[in-house]
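Q: I'd like to go over a predicted model; first the sequence, then the structure.
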Amino acid sequence: MADSTPATDGGEAVDDEASDDEAGDDGTATPEIDLPGDAFDAVLDALDDLDPGEPLRFEGFSVARDDEGGYVLADGGRPRPMDERELHEALTERAAAVTDWYAFERVVGE
């Protein structure tokens, strides 16, 4: 017969379904997603195939190359110029959208 008492750790109840993720506005947990290196490389390759100023669109934002070889991120506010390191940081913060794009445009589309 299964024990219906929750597991404890040092006197505190432990919920098997609890996670370290914080709940979103609707009460659901938002998972942490890492940006795979292959996805970032695919973004750079896709941007190389586009003309400067032509955006690569993701859900909620876009990225384009500028005329000087840098990148511009537009997410509804003022477009922000950035170098490759800054682009990587920005895309890491938006890893869910980037990995969705990567899966549908590059992996499934192959």
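A: Cool, got the structure.

Q: quick one: contacts of the longest helix along the chain?
A: What stands out as the longest helix in the chain, according to DSSP state H, is helix 37-48. Here helix 37-48 makes contact (Cβ atoms under 8 Å, 6 or more residues apart in numbering) with 56, 63-65, 71, 84, 88, 91, 95, 98-99, 101-102, 105-106. Every C-beta, even on glycine, is put in place using the N, C-alpha and C of the backbone.

Q: make sure Asp100 is indeed in a strand.
A: No: using DSSP: H, G, I helix; E, B strand; the rest coil, the assignment for Asp100 is helix, not a strand.

Q: I figured it was touching Glu59, is that so?
A: Yes: judged on Cβ atoms under 8 Å, Asp100 makes contact with Glu59 at a distance of 6.6 Å.

Q: those two: which has the busier surroundings?
A: Set Asp100 next to Glu59 and count neighbours by other Cβ atoms under 10 Å: Asp100 wins out with 14 against 10.

Q: can you tell me which residues contact that one?
A: Residues in contact with Asp100 (Cβ under 8 Å, 6+ apart) are 58-59.

Q: the helices in this protein, which residues?
A: Using DSSP H, helices in the chain cover 37-48, 84-93, 95-101.

Q: any idea which of the ones you listed is most buried?
A: When you average the neighbours per residue for each of these (mean count of other Cβ atoms under 10 Å), helix 95-101 leads with a mean of 18.
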